[in-house]
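# Here is my input; please provide its structure:
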Amino acid sequence: QVQLVQSGGGLVQAGGSLRLSCTASGRALISYYLGWFRLAPGKEREFIARIRWSDGRTYLGDSDKGRFTISRDNAKNTVYLEMNSLKPEDTAVYYCAAGNELRSGSPVYAYWGQGTQVTVSS
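Numbers count the residues shown, from 1 in each chain. Presented below is the predicted three-dimensional model:
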């Protein structure tokens, strides 16, 4: 199994920045994809970005391209989500996830972090 522990998040004013971290343990990540999602009240879970651990290749979701950046630190087994120019509508619980299986070309995320609240005030 893969254990994911998230940190970061909190309250920030509109226009500000935050960096979320997600540290993995339990298995080598070489065959895994690590992704970030968010869940806002009344909305469906939204995919933000993912990174392929083996080569660092990233893929961003349809929304917020240019404001969010996903990256990783191999030595720390940690994936980051850098969020800039935050807006009130970015308020949500953010989750990291890991998976090593593909279905229809997309990763299946079997492991999830505990979630962290991000609140953007106007």
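
# Going by C-alpha atoms from here, please, whenever you check contacts or count neighbours.
Will do.

# So for stretch 62-76, mean pLDDT?
Across stretch 62-76, pLDDT averages out at 88.

# Now do it: distance from first to last residue.
End-to-end distance of stretch 62-76: 28 Å, with CA to CA, to the nearest Å as the criterion.

# Show me what counts as buried in that stretch.
Buried residues in stretch 62-76, counted by 16 or more other CA atoms under 10 Å: 64, 68-72.

# Can I get those residues in a markdown table including distance to Thr119?
Listed next are those as a markdown table, based on distance: CA to CA, whole Å:
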| residue | distance to Thr119 |
| --- | --- |
| Asp64 | 16 |
| Phe68 | 16 |
| Thr69 | 18 |
| Ile70 | 19 |
| Ser71 | 22 |
| Arg72 | 24 |
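
# want to throw these into a markdown table with secondary structure?
Compiled in a markdown table, the buried residues of stretch 62-76 are given as follows (DSSP: H, G, I helix; E, B strand; the rest coil):
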| residue | secondary structure |
| --- | --- |
| Asp64 | coil |
| Phe68 | strand |
| Thr69 | strand |
| Ile70 | strand |
| Ser71 | strand |
| Arg72 | strand |
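
# Go through the residues you listed and say which is closest to Gly35.
The shortest approach to Gly35 among the buried residues of stretch 62-76 belongs to Ile70, at 8.5 Å (CA to CA).

# Contact partners for the closest one?
Listed by CA atoms under 8 Å, 6 or more residues apart in numbering, the contact set of Ile70 reads 49-51, 58, 79-82.

# Low-confidence stretches in the protein?
63-65 (pLDDT under 70).
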